[in-house]
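> sequence first, predicted coordinates after that:
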Amino acid sequence: MSGAPDYAEPIVGWRVWLAREDQGRTRLRSLFHDLSWPVRAPLAAECLRRRLPFRRGDHPAPAASCHCGIYAASLERVGSYLDPGWQRSDPVVGRVSLWGRVVECEQGWRASLAYPERLYVPLLNATGDESRAARIALDLTDYGVPVELFEVDVAGDIIAELTAVAAAA
Amino acid sequence: MAIRRLLPFPLRGLKVEIGKPQRVYTIEPLEDPVAREKPQERPLERPAEPLESKPRAR
């Protein structure tokens, strides 16, 4: 792709991550890939299908004809990935900036570059470990973006609560 | 989970479903969306003070 860019403002969508320890600090980990999001640097997309044997035609990620790229969607859409069982898995919900090459889809986007814009760490009142959630939130401030700890009664309330928070912001 | 880690590609269905592509475009933000590390500030050098700041009173 060459020439002038089409837009000068990043897309901001929603994502769900898992909080995972990486070299002694909590980092954002993708749900479906063993990938830790870098701190203070953008995550750059790479099409992993090219690693398959006999796969031809490398392309820059994301390609409209592929499924590659860094995903983001509406809050409602990503909410369906917050399985109630994940309350044991330290989910983190957040807004993410997307830019570079962007494939706009029916219910979200795939982009070549991304970085968190704001993070929300849920603290489940029923089963939550407040000190653990607080430590996760503190570690995630390494990303240099606002990190909020918010209380919910059950995992199913996370999206409703965040919808209210986002509307008030 | 262990099997998933070994695979270099996402299993089918293991991604957020966002529907079919509608259009492709490029974005070059005017402001950097990355909260980059700020360069450490150099300590301010104190300006040299005059030997005599004001005439001594007799």
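Happy to help now that I have it. Numbering: from 1, shown residues only, chains lettered A, B, ... in the order given.
> span of stretch B:17-25 from start to end?
20 Å (C-alpha to C-alpha, to the nearest Å).
> for it, which positions count as buried?
B:18, B:21 (16 or more other C-beta atoms under 10 Å in any protein chain shown). All C-beta atoms are positioned from the backbone trio N, CA, C, and that covers glycine.
> list of residues touching it?
A:6-7, A:64, A:71, A:73, A:77, A:101-110 (C-beta atoms under 8 Å, 6 or more residues apart in numbering or on different chains).
> out of those residues, which are close to chain B?
A:6-7, A:64, A:71, A:73, A:77, A:101-110 (C-beta under 8 Å from any C-beta of the partner chain).
> next secondary structure after the helix or strand of chain B with the lowest mean pLDDT?
Least confident helix or strand of chain B, by mean pLDDT, DSSP states H and E, is helix B:2-6 with a mean of 40. Per DSSP states H and E, helix B:2-6 leads on to strand B:21-27 as the next helix or strand towards the C-terminus.
> give the rounded mean pLDDT of that following strand.
Across strand B:21-27, pLDDT averages out at 97.
> partners of the longest strand along chain A, with directions?
In chain A, with assignment by DSSP state E, the single longest strand is strand A:108-124. Here strand A:108-124 has these sheet partners by DSSP bridges: strand A:43-44 (antiparallel), strand A:70-73 (antiparallel), strand A:91-105 (antiparallel), strand A:147-152 (parallel).
> pick the most buried one from those.
Ranked by mean neighbour count, the strands paired with strand A:108-124 are led by strand A:70-73 with a mean of 26 (mean count of other C-beta atoms under 10 Å in any protein chain shown).
> next secondary structure after it?
Immediately after strand A:70-73, counting by DSSP H and E, sits helix A:75-79.
> tell me the mean pLDDT for the helix or strand A:Leu162 falls within?
A:Leu162 belongs to helix A:158-168 when assigned by DSSP H and E. For helix A:158-168, the mean per-residue pLDDT is 84.
> pLDDT below threshold where in chain A?
Scanning chain A for pLDDT under 70 picks out A:1-2, A:50-57, A:83-88, A:125-128.
> one more time with 80, if that's ok
A:1-3, A:49-58, A:80-89, A:124-129, A:153-156, A:166, A:168-169 (pLDDT under 80).
> do the same with chain B
Checking chain B against pLDDT under 80 turns up B:1-15, B:38-58.
> which pair in the ones next to chain B among the contacts of stretch B:17-25 spans the largest distance?
A:Asp6 and A:Arg77 (23.5 Å; C-beta to C-beta).
> would you check how far apart A:Ala167 and A:Ala160 are?
A:Ala167 sits 11 Å away from A:Ala160, going by C-beta to C-beta, to the nearest Å.
> noted, bye for now.
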